[in-house]
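Trainee: Build me a model:
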Amino acid sequence: MNPFRITYLSSLTLFIFTFTACSSNNGDNENQSGSDNTNKNVASSVMASEVTRLEFPHVSSASNDTIVVHYAPEPGSDKKDVNYSLAWDKVKKANLFTCYEMYARNRQINTPRYKPVNREDQYPQDPDLLPKYRRASDPYYNSDYDHGHLCPSEDRRYSFTANYQTFFLSNMSAQLHAFNAGIWEVMENQLRDWISANSPVTDTLYVCKGGTISDGDYTLGKNNLVIPKHFFSAVLMKNKEGYKAIGFWFEDANNTTTSQDLRPYIVNIETLQKDTGLDFFCNLPDKTEKEVEDLDVSKVKRAWGFN
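Mentor: Take a look at the predicted model:
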């Protein structure tokens, strides 16, 4: 399985990373240190501190692709926090994954869904991607595919800025409408059921989602649009009881089912790592990571209420 090669990019600084295929080492808190976490991300002069957040997969130095971190003001505050982060393939000009957190404060509904005014674009270019790494125009139009949000608009209605950023083209992946508005939306709604504005302040979901664009795992459509063959969602819950994790693997991106049943798509994280080549939740301590990732899928389903 090929590793994902990544370069970190913000509007001010350039860092270089590589995504490596997964091992089953697992840990606990962000910014963990010590020998109990052998595969954690470590901030350094060439690696930004955001990669130590629990939603990030494993990254290491040396790369050709780009990570962008978007910030938005917290509700009721001028303080900026991470809205979501994404990995971008500079050659294919396509999203590798988007990762983000969900908790009570950022699940507040304070603003409507973004709608352009005057001549603004519905799906703007990402201002933190250099023009040479992005498409000159929107490849989704007349492509027969939806702009499939990875960090959903509905999950970021706590501020205008946060919601607007979810419409950046860099946060999109090509999805058939029946899939985007079908079983994928069912999965997104399920995550929102697990974390709402009324959830305990100690509860957090850490989410990493995307479509597969490694060689052989995508096709090219109209306008040279990169179309993933598979989609995934890795979810980690932290609450008063500790940690638990669940994976969703949508093997057929042409899935047009009208079923609301997510059970056929549930996998444990260890299986999802083998399917995607990503090492999810690597910033947990190794013992905790192994416990949540290796749990038998039947027990995963029970732990998350899928009986």
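
Trainee: Every contact and neighbour count from this point should use C-alpha atoms.
Mentor: Fine.

Trainee: which of the residues in stretch 298-307 are buried?
Mentor: For stretch 298-307, the neighbour count (16 or more other C-alpha atoms under 10 Å) marks Val300, Lys301 as buried.

Trainee: What of stretch 132-150?
Mentor: Using 16+ other C-alpha under 10 Å as the test for burial, stretch 132-150 gives Tyr133, Arg134, Arg135, Asp138, Pro139, Tyr140, Tyr145, Asp146, His147, Gly148, His149, Leu150.

Trainee: try stretch 205-220
Mentor: Within stretch 205-220, the residues scored as buried using 16+ other C-alpha under 10 Å are Leu205, Tyr206, Val207, Cys208, Lys209, Gly210, Gly211, Thr212, Ile213, Ser214, Tyr218.

Trainee: hmm, back to that, so can I have a markdown table of the buried residues of stretch 132-150 showing pLDDT?
Mentor: Output for these, formatted as a markdown table (pLDDT from 0 to 100):
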| residue | pLDDT |
| --- | --- |
| Tyr133 | 95 |
| Arg134 | 94 |
| Arg135 | 93 |
| Asp138 | 97 |
| Pro139 | 97 |
| Tyr140 | 97 |
| Tyr145 | 97 |
| Asp146 | 97 |
| His147 | 98 |
| Gly148 | 98 |
| His149 | 98 |
| Leu150 | 98 |
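
Trainee: Now find how far off-centre the longest helix seen in the chain is within its chain.
Mentor: Secondary structure of the chain read by DSSP state H shows that its longest helix is helix 183-194. From the chain centre to the centre of helix 183-194 is a distance of 14 Å (C-alpha atoms, centre = their mean, to the nearest Å).

Trainee: Give me the residues contacting the next helix or strand after that helix.
Mentor: Next helix or strand after helix 183-194 toward the C-terminus (DSSP states H and E): strand 204-211. With C-alpha atoms under 8 Å, 6 or more residues apart in numbering as the test, strand 204-211 has contacts from 54-57, 95-104, 150-151, 173, 195, 228-239, 280.

Trainee: between strand 204-211 and helix 183-194, how big is the angle?
Mentor: Interaxial angle, strand 204-211 versus helix 183-194 (axes from the mean of the first three to the mean of the last three C-alpha atoms, to 10 degrees): 170 degrees.

Trainee: Show me what the helix or strand that comes right after strand 204-211 is packed against.
Mentor: Next in sequence after strand 204-211, counting helices and strands by DSSP H and E, comes strand 218-220. Other elements packing on strand 218-220 under the criterion 3 or more C-alpha pairs under 8 Å, 6 or more residues apart in numbering; DSSP states H and E are strand 226-228.

Trainee: what's the strand it packs on in contact with?
Mentor: By C-alpha under 8 Å, 6+ apart, strand 226-228 touches 92, 94, 173-175, 211-213, 217-221, 253.

Trainee: Work out the sheet partners of it and label each with its direction, please.
Mentor: With DSSP bridges as the test, strand 226-228 is paired with strand 218-220 (antiparallel).

Trainee: Distance from the chain centre to the strand it pairs with, please.
Mentor: 20 Å.

Trainee: one step back: and the contacts of strand 204-211, which are buried?
Mentor: Using 16+ other C-alpha under 10 Å as the burial test, the contacts of strand 204-211 include 54-57, 95-104, 150-151, 173, 195, 228-238, 280 as buried.

Trainee: Phi first, then psi, for Glu270.
Mentor: For Glu270, the backbone dihedrals are phi -60, psi -40 (criterion: degrees, to the nearest 10).

Trainee: Just list the residues touching Tyr158, thanks.
Mentor: Glu74, Pro75, Arg105, Asn106, Arg107, Gln108, Ile109, Asn110, Thr111.

Trainee: Repeat the analysis, applying 6 Å as the threshold.
Mentor: By C-alpha atoms under 6 Å, 6 or more residues apart in numbering, Tyr158 lies in contact with Asn106, Gln108, Ile109, Asn110.

Trainee: for Glu55, same thing?
Mentor: So Glu55 contacts Cys99, Tyr206, Val207 (C-alpha under 6 Å, 6+ apart).

Trainee: try Val235
Mentor: For Val235, the contact set (C-alpha under 6 Å, 6+ apart) comprises Tyr206, Val207, Ala245, Ile246.

Trainee: before we move on, the earlier item: just the buried residues of stretch 132-150: which are in strands?
Mentor: Asp146, His147, Gly148, His149 (DSSP state E).

Trainee: quick revisit: drop anything exposed from the contacts of Tyr158.
Mentor: Using 16+ other C-alpha under 10 Å, the buried ones in the contacts of Tyr158 are Asn106, Gln108, Ile109.

Trainee: Assign a three-state SS to the residue nearest to Asn307 when sequence neighbours are not counted, would you?
Mentor: In space, and not counting its chain neighbours, Asn307 is closest to Lys301: 6.5 Å by C-alpha to C-alpha, 6 or more residues apart in numbering. What DSSP: H, G, I helix; E, B strand; the rest coil gives for Lys301 is helix.
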